[in-house]
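Visitor: sequence first, then the predicted structure, then my questions.
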Amino acid sequence: MSDESAPEAESERGQPTTGAGGADRDAQIRSLTEIVGMFAQTLRRMERRVNQLTKKPAADTEKDLSEPAAWVWFTPPAAAENDPDGGEDPRFTVENFVGWYNVTFVGVDGSRARSIPPCWRSHPGVAMEVAALAYSWRAANIGPEANSRDAQAWLHQWRPGFSDRLTRDWVRPDCLDGDHRDDGSTSRADRFTLAAELATSTTQPP
């Protein structure tokens, strides 16, 4: 009897067969391995996305600041904002806009769409209007925030309104013909000129 039970005992101490519990454990390990692999792939995708987002903004944003919108038909006027490190101030933007405006938005004889006169700096009301006109045009037509509805509103409201006030409120016909008349508000220096003069006076030795 002892001889018959020895092989059975030996087989129990040898390589055991896999029971139901072992099969369940292997299946669980495989499932966990698949889940971990899926998480690893997701993390890698998220890491790539974060890297793309963190590398993207600086160069693209600077490039877009001076990019004209698709509906800007002609080359836009140069502006100080196109090169923040160039040393120019808003006077550069406004003066270039005036030249560009005068070759773009002049109407037929007898219309209100007249050129901005050369003496526009000498009329405070005109100077304020021209500066706002220049920057409202840029806001509607240049850079990533440009919007076609704003561009149309500028053409439909801002420009005609300015043209009407220019000929009705701010300057004499002589000014429009290039012969300045010192009328209306007294001419005065803009804030950029005053700031430069102040800086010069404070740096000069007594």
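Guide: All right, it came through fine.

Visitor: how about P68, phi and psi?
Guide: phi -70, psi 150 (degrees, to the nearest 10).

Visitor: now it, which residues is it bridged with?
Guide: I142 (DSSP bridges).

Visitor: residues contacting it?
Guide: T75, P76, N141, I142, A146 (Cβ atoms under 8 Å, 6 or more residues apart in numbering). Where you see a C-beta, it was placed from the backbone N, CA and C, and this is true even at glycine.

Visitor: next one: N147
Guide: Contacts for N147 were tallied using Cβ under 8 Å, 6+ apart; they are A140.

Visitor: and the pLDDT for it?
Guide: Per-residue pLDDT puts N147 at 93.

Visitor: where does it fall, phi/psi-wise?
Guide: When read as degrees, to the nearest 10, the backbone of N147 gives phi -140, psi 130.

Visitor: how much space between it and R165?
Guide: Taking Cβ to Cβ, to the nearest Å as the measure, N147 falls 24 Å from R165.

Visitor: before we move on, the earlier item: which of the contacts of P68 sits closest to Q28?
Guide: Of all the contacts of P68, A146 has the smallest distance to Q28: 57.9 Å, by Cβ to Cβ.

Visitor: okay, now the nearest residue in space to the closest one that is not next to it in sequence: neighbour count?
Guide: Counting by Cβ to Cβ, 6 or more residues apart in numbering, A69 is the residue found nearest to A146 once chain neighbours are left out, at 3.9 Å. The number of residues packed near A69 is 17, by other Cβ atoms under 10 Å.

Visitor: can you confirm W158 is in a helix?
Guide: Yes - assessed with DSSP: H, G, I helix; E, B strand; the rest coil, W158 lies in a helix.

Visitor: quick one: pLDDT of it?
Guide: Per the predicted model, pLDDT is 93 at W158.

Visitor: I'd say it and L133 touch.
Guide: Yes - proximity of W158 to L133 meets the contact threshold set by Cβ atoms under 8 Å, at 6.3 Å.

Visitor: tell me which of the two has more neighbours.
Guide: Neighbours per residue (other Cβ under 10 Å) separate W158 from L133, with L133 holding more: 24 against 17.

Visitor: in the helix or strand where the more buried one lies, what counts as buried?
Guide: For L133, the enclosing helix or strand under DSSP states H and E is helix 124-141. Within helix 124-141, the residues scored as buried using 16 or more other Cβ atoms under 10 Å are 126-127, 129-131, 133-138, 140-141.

Visitor: with respect to A153, which of those residues is nearest?
Guide: Of the buried residues of helix 124-141, the one sitting nearest to A153 (Cβ to Cβ) turns out to be A140, at 7.2 Å.

Visitor: count of neighbours near the residue lying closest to the closest one once chain neighbours are set aside?
Guide: Using Cβ to Cβ, 6+ apart and skipping the chain neighbours, the partner closest in space to A140 is D150 (3.7 Å). For D150, the count of nearby residues is 17 (other Cβ under 10 Å).

Visitor: likewise V98?
Guide: Neighbours of V98 (other Cβ under 10 Å): 20.

Visitor: can you give me the distance of it to F105?
Guide: From V98 to F105 the distance is 11 Å (Cβ to Cβ).
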